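[1] give me coordinates for this.
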Amino acid sequence: MLSKSASDRALWITYINITLYALCYQLQRPIEPFLVDALSKDGDDVSLIYGKIQAFFSFMQTIGSPLVGIMLDRIGVRYASAVVFLASALSYAILASATDLNLLMLSKVPTALQAAFLVAQAIAASSTGGDPASRAAALGRMTTAYTVGATIGPALGGFLARNGNFYISARYAVFGSIVSVVLSLLFLPSEAGDSTNAATETAATSSTSSSLADASNTEPSEKDTPQATAPTSSNKTFMQAVQHSAELATRANLWPLLVVKVVGGVTASMHSTVLPLVLKQKLKFDPADLGFVMSSSMFAVAGFGAFGMAPMTKWLGSKGMSLSGLGGRAIVGILFALLITASSSGENSFLLYELVGISVAHALLSHLLATGLTTQTTGAVGNDEQGALLGLEHGLFSLARIGGPPVGTALLGHIGRPFLVEGVCGALDVSLILLLVATAAQTGINAKKKVTGKTN
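    So this is what the prediction gives:
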């Protein structure tokens, strides 16, 4: 079990690392549509190619995220963090030398292990005990750290690419990732399970595999037998860890929340893929303007995560946050489509600021949804399962993003405007609201039971 000072140090190093991680990733994000355009041949459908690259990126993360979660539980945050930042550096190094679309696609292969935020979430979730408000606040601060880097990244990336150099941002990203590798190896705890077992010195008996969660009616003499003790995360074989991740996905108190994350991930990836394409192709935004829109959204999320998340959690509760995020996102998406349609048919001198306002609203609502869901899921499992759970979540979310970009670009190409895209996204979000309402009893009761650790 880590001391308070060691836990605080790990958190602060993680804040720094996640800021660098976001900065490096977002440096090249607004440039990628322009790089795809530059590397494409005459007659190529740039939107389709860009959608395929984003889908391949999500496919790699679908494969890798559960593995990073297992690795986190088995080897600890020091080496897991070093591995994910080394993977990031390799990805950016290939991107920085990509002279054709094949190399650009190859640069996404190392992103299978590019899951720094997964490691960061595990540390934040395990450092707050069983208090949902504290957990939400910690996750909010971690997201704030991410959004600080993500706020600077797009604007800086667009500025660096203003003269047509679409590779310089990736080169800076290699350097930033190497810095995080060094920080991880020097300052993060080394023992496997430190990050996820901070409050579980007796994890072998009190925080066993959740397949034993239904053993609340077991007689005391049976509880004390060796058969009632499942292997801890660091002692499980690889296949046991994989089976455990699959078992997590089917628990009654988790599967509705995971379904919302998956389908919500589809709608989020559709919107985020269509947004830069619409701004570039329909409204003729340059890299600097596109970067400004993205940075403004990230800046708003950073401020909200730092100061607004904890009181919002106390006011709405984690379930209310999820419902509000879904409903609000559906409305804002339609407003975005209306604005693009109106602006395409005439001059609008306030277009940039209106787009910033809508983008900020969409980002805040998505952040509200994500934090509400993660607060519920991380509160529904033991501390020794945080890595496996978060790896599963990230993998499922990445799986959702495989289909989102191609579907979004196909719908956009069908009519040339985002109405159809945002309409589908809104309908999906509304259906998720109905699912959360229908399953509120089972997720609420079981999650509370798991957090408090009561077995009756």
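
[2] what is the longest helix along the chain packed up against?
    Determined from DSSP state H, the single longest helix within the chain is helix 46-96. For helix 46-96, the packing partners by 3 or more CB pairs under 8 Å, 6 or more residues apart in numbering; DSSP states H and E come out as helix 4-28, helix 32-39, helix 101-106, helix 116-126, helix 168-187, helix 238-249, helix 255-277, helix 386-415. Where C-beta positions appear, they are placed from N, C-alpha and C, glycine not excepted.

[3] so what's the residue count around residue 100?
    11 (other CB atoms under 10 Å).

[4] look up how far residue 380 lies from residue 316.
    Going from residue 316 to residue 380 by CB to CB, to the nearest Å gives 18 Å.

[5] which one of these two is surrounded by more residues?
    Higher neighbour count among residue 316 and residue 380: residue 380, with 25 against 16, using other CB under 10 Å.

[6] helix/strand/coil for that one?
    Of the three states, residue 380 takes coil according to DSSP: H, G, I helix; E, B strand; the rest coil.

[7] hang on, isn't it packed against residue 255?
    No. Residue 380 is not in contact with residue 255 according to CB atoms under 8 Å; the separation is 10.7 Å.

[8] ok, residue 316 to residue 375 distance?
    Distance, residue 316 to residue 375, using CB to CB: 11 Å.

[9] actually residue 151, sorry about that
    For residue 151, the distance to residue 375 equals 23 Å [CB to CB].

[10] the more surrounded of these two?
    Neighbour comparison, residue 151 and residue 375: the larger count goes to residue 375, with 28 against 24 (by other CB under 10 Å).

[11] next, the angle from the strand or helix carrying the more buried one to helix 386-415.
    Using DSSP states H and E, residue 375 sits within helix 351-378. Put simply, helix 351-378 runs at 140 degrees to helix 386-415, going by axes from the mean of the first three to the mean of the last three CA atoms, to 10 degrees.

[12] low-confidence stretches in the stretch 351-456 of the chain?
    383, 386-387, 413-417, 444-456 (pLDDT under 70).

[13] same thing but 90
    Low-confidence segments of the stretch 351-456 of the chain (pLDDT under 90): 351-426, 439-456.

[14] quick check: which ranges of the stretch 1-150 of the chain have low pLDDT?
    Short version for the stretch 1-150 of the chain, where the test is pLDDT under 90: 1-15, 26-81, 99-100, 112, 114-150.

[15] re earlier: and of the helices and strands packed on helix 46-96, who's closest to residue 425?
    helix 255-277 (4.0 Å; CB to CB).

[16] show me what the following helix or strand past that closest one is packed against.
    Downstream of helix 255-277, the next assigned helix or strand under DSSP H and E is helix 287-307. Contacting helix 287-307 under the criterion 3+ CB pairs under 8 Å, 6+ apart are the following elements: helix 132-160, helix 255-277, helix 351-378.

[17] can you put these in CSV and add distance to residue 426?
    What follows is the helices and strands packed on helix 287-307, written out as CSV (distance: least, CB to CB, whole Å):
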stretch, distance to residue 426
helix 132-160, 24
helix 255-277, 8
helix 351-378, 12
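
[18] out of these, which comes closest to residue 411?
    Using CB to CB, the helices and strands packed on helix 287-307 put helix 255-277 closest to residue 411, at 7.7 Å.

[19] so which bits of the closest one are buried?
    The neighbour-count check on helix 255-277 (16 or more other CB atoms under 10 Å) flags 256-277 as buried.

[20] isn't residue 158 right next to residue 29, touching?
    No. Contact criterion CB under 8 Å: residue 158 and residue 29 do not qualify, at 9.8 Å.

[21] quick one, which of these two is more surrounded?
    residue 158 (26 against 19).

[22] now do the more buried one against residue 168, distance only.
    Residue 158 is 12 Å from residue 168, by CB to CB.

[23] check residue 363 too.
    Going from residue 363 to residue 168 by CB to CB gives 26 Å.

[24] who has more neighbours out of those two?
    Shown here are residue 363 and residue 168; by other CB under 10 Å, residue 363 has more neighbours (23 against 16).

[25] do you know how far that one is from residue 295?
    11 Å.

[26] same question for residue 85.
    Note on residue 85: its distance to residue 295, by CB to CB, is 23 Å.

[27] hang on, the earlier thing: which parts of the helix holding residue 375 are buried?
    351-352, 355-378.

[28] so how far is it from its chain's centroid?
    Its chain's C-alpha centre and that of helix 351-378 lie 12 Å apart, by CA atoms, centre = their mean, to the nearest Å.

[29] now swap in stretch 249-260 and tell me
    Centre to centre, stretch against its chain (CA atoms, centre = their mean), the figure for stretch 249-260 is 17 Å.

[30] what of stretch 38-45?
    Distance of stretch 38-45 from its chain centroid, counting by CA atoms, centre = their mean, is 31 Å.

[31] I figured residue 264 was touching residue 368, is that so?
    No. Shown here, residue 264 and residue 368 do not form a contact pair, counting by CB under 8 Å, at 11.7 Å.

[32] residues contacting the closest residue to residue 87 other than its chain neighbours?
    Leaving aside its sequence neighbours, residue 87 sits nearest to residue 113 (CB to CB, 6 or more residues apart in numbering; 3.8 Å). Neighbouring residues of residue 113 by CB atoms under 8 Å, 6 or more residues apart in numbering: 64, 67, 68, 83, 84, 87.

[33] please report phi then psi for residue 42.
    Backbone torsions of residue 42, given as degrees, to the nearest 10, read phi -60, psi 130.

[34] what's the spacing between it and residue 75?
    According to CB to CB, residue 42 and residue 75 sit 49 Å apart.

[35] more neighbours: these two, which one.
    Higher neighbour count among residue 42 and residue 75: residue 75, with 17 against 4, using other CB under 10 Å.

[36] where's the more buried one relative to residue 190, distance?
    9 Å.

[37] repeat for residue 435
    Noted for residue 435: a distance of 42 Å to residue 190, by CB to CB.

[38] compare these two (neighbour count), which wins?
    residue 435 (15 against 11).

[39] doesn't residue 402 make contact with residue 59?
    Yes. Counting by CB under 8 Å, residue 402 is a contact partner of residue 59 at 5.0 Å.

[40] between the two, who's got more neighbours?
    residue 402 (21 against 18).

[41] could you list the low-pLDDT ranges of the stretch 151-300 of the chain?
    151-169, 184, 187-258, 261-300.
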